[in-house]
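Chemist: Provided below are the primary sequence and the corresponding predicted coordinates.
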Amino acid sequence: MDGLSTRRFDLRDFEPADIPALAAYQSDPRFVSARRNAGQEAGDPAELVALFCAWAQEHPRRNYQFAIVERRIGRVVGCAGVRTANCPQGSGELGIELSADLWGRYGCAVEVMRALLDFGFSTLSLHEIIGETTAENHQAARLASFLGARCEKPAGHGNKGLQPSGNPVLWRFLFRDWTFGRSG
């Protein structure tokens, strides 16, 4: 796959050479603190990149996890994707993380999320895309709400990667809502 492009970013498959950039932004104290506050655990960057590269080689491909490359500087500044492997037919799970340097700056997350949602609904023909986080992750809540997602508290839903102390919430994007103007 060639990847996705937005006005400022290229979203492409990970390469082994991306490990240092992924490790650099994930080790930023601001990023570490936010991840801890959201109840998420860090993965080893080398293992993550190996997993993402393996996903890119699967046929049929079910998981798309992209390096977010800021075109102006040519550096990996985040990670985002749509994964369908462990979801019901027609559904996918969305995730995004950005370097702390880009938090709150000029709609970077909105730009990337719109590209991912368009990809999921148009290219993958999904009818719903969910994002899981914790209720304490206010930035994710603002982003999802702005883009038209519906918030749900999952009853008896697992805490994939989340510590039990986090209050999990699901953000559900529906194709029918996305196609009727919620894409902004």
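Modeler: Alright, I've got the coordinates.

Chemist: measure residue 124 to residue 167 for me?
Modeler: Residue 124 sits 29 Å away from residue 167, taking Cβ to Cβ, to the nearest Å as the criterion. The way it works is simple: take the backbone N, C-alpha and C, and place the C-beta from them, glycine included.

Chemist: so where's the longest helix in this structure?
Modeler: helix 45-57 (DSSP state H).

Chemist: mean confidence score for that one?
Modeler: Confidence over helix 45-57 (mean pLDDT, whole number) is 95.

Chemist: by contact count, what packs against it?
Modeler: If contacts are counted by 3 or more Cβ pairs under 8 Å, 6 or more residues apart in numbering; DSSP states H and E, helix 45-57 sits against strand 9-13, helix 19-26, strand 63-70.

Chemist: let's see 10 Å
Modeler: The helices and strands touching helix 45-57, judged by 3 or more Cβ pairs under 10 Å, 6 or more residues apart in numbering; DSSP states H and E, are strand 9-13, helix 19-26, strand 63-70, strand 75-83.

Chemist: what's next to the helix or strand residue 151 falls within, contact-wise?
Modeler: Counting by DSSP states H and E, the element that carries residue 151 is strand 150-152. Applying Cβ atoms under 10 Å, 6 or more residues apart in numbering, the contact partners of strand 150-152 are 128, 130, 135, 141, 144-145, 168-174, 177.

Chemist: re earlier: turn the helices and strands packed on helix 45-57 into JSON lines, columns for mean pLDDT, mean neighbour count and distance to residue 53.
Modeler: Below are those laid out as JSON lines (pLDDT from 0 to 100; neighbours: other Cβ atoms under 10 Å; distance: least, Cβ to Cβ, whole Å):
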{"stretch": "strand 9-13", "mean pLDDT": "97", "mean neighbour count": "20", "distance to residue 53": "7"}
{"stretch": "helix 19-26", "mean pLDDT": "91", "mean neighbour count": "18", "distance to residue 53": "10"}
{"stretch": "strand 63-70", "mean pLDDT": "96", "mean neighbour count": "23", "distance to residue 53": "9"}
{"stretch": "strand 75-83", "mean pLDDT": "95", "mean neighbour count": "22", "distance to residue 53": "13"}
